[in-house]
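S.K.: Give me the fold of what follows.
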Amino acid sequence: GCPIRFTLTAGQRGDAPQAEALIADLPAEVIMADTAYDSDRLRETVAQKGAVAVIPNNPSRARKYPLDRHLYAQRQLIECCFSRLKQFRRVATRYEKTARNYLAVVTIAAIVLWIR
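M.R.: Below is the predicted model:
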């Protein structure tokens, strides 16, 4: 439940386009994500890594993929990680005005989570 990698994006940008860069050269047997990350391209990237994609189908998807609900239940660890990061006031309220400074604060918060 601790962050391994993260990246900052502009508020109006989606999260899914960053997923491929975040999982590149990351050893993993299972890649979990929420419905927003459901794309054929990401599923192909995960399959090429030899990992299993545990991503719920987008309701508008024509071709449905099976979902291992028992594995997906473990995704609560990811949500707990976000919750713990937001316990750091500077992360939750984004006092930092520049992306560089905010990234530094998030990095420090992630380090503290790993140390605990």
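S.K.: from here on, contacts and neighbour counts on C-alpha atoms
M.R.: OK.
S.K.: Can you tell me how far the closest residue to R94 other than its chain neighbours is from T93?
M.R.: Spatial nearest neighbour of R94, chain neighbours left out: Y102 (6.9 Å); criterion: CA to CA, 6 or more residues apart in numbering. Distance of Y102 to T93, given as CA to CA, to the nearest Å: 10 Å.
S.K.: higher neighbour count, these two?
M.R.: Relative neighbour count places Y102 above the other of Y102 and T93, with 17 against 9, counting by other CA atoms under 10 Å.
S.K.: residues in contact with that one?
M.R.: Residues in contact with Y102 (CA atoms under 8 Å, 6 or more residues apart in numbering) are V91, R94, Y95, E96.
S.K.: do you know how far L8 is from G14?
M.R.: L8 is 11 Å from G14, by CA to CA.
S.K.: what's the answer for Y102, then?
M.R.: Noted for Y102: a distance of 18 Å to G14, by CA to CA.
S.K.: what do you get for P56?
M.R.: From P56 across to G14, the span is 17 Å (CA to CA).
S.K.: residues in contact with T9?
M.R.: Neighbour list for T9: D15 [criterion: CA under 8 Å, 6+ apart].
S.K.: distance of it from D40?
M.R.: T9 is 22 Å from D40, by CA to CA.
S.K.: Next: C80.
M.R.: Per CA to CA, C80 is found 27 Å from D40.
S.K.: And the two? Which one has more around it.
M.R.: Taking other CA under 10 Å, C80 and D40 do not tie; C80 has more neighbours (13 against 10).
S.K.: Helices of the chain, residue ranges please.
M.R.: For the chain, the helices defined by DSSP state H cover 19-23, 40-48, 69-72, 76-85, 89-93, 99-115.
S.K.: Now do the last one, average pLDDT.
M.R.: Per-residue confidence for helix 99-115 averages out to 95 on the pLDDT scale.
S.K.: How about A36, nearest residue that isn't a chain neighbour?
M.R.: Sequence neighbours aside, A16 is the residue nearest to A36 in space, at 6.7 Å (criterion: CA to CA, 6+ apart).
S.K.: Relative to I23, how far out is the one you found?
M.R.: Distance, A16 to I23, using CA to CA: 12 Å.
S.K.: Please apply the same query to A110.
M.R.: From A110 across to I23, the span is 18 Å (CA to CA).
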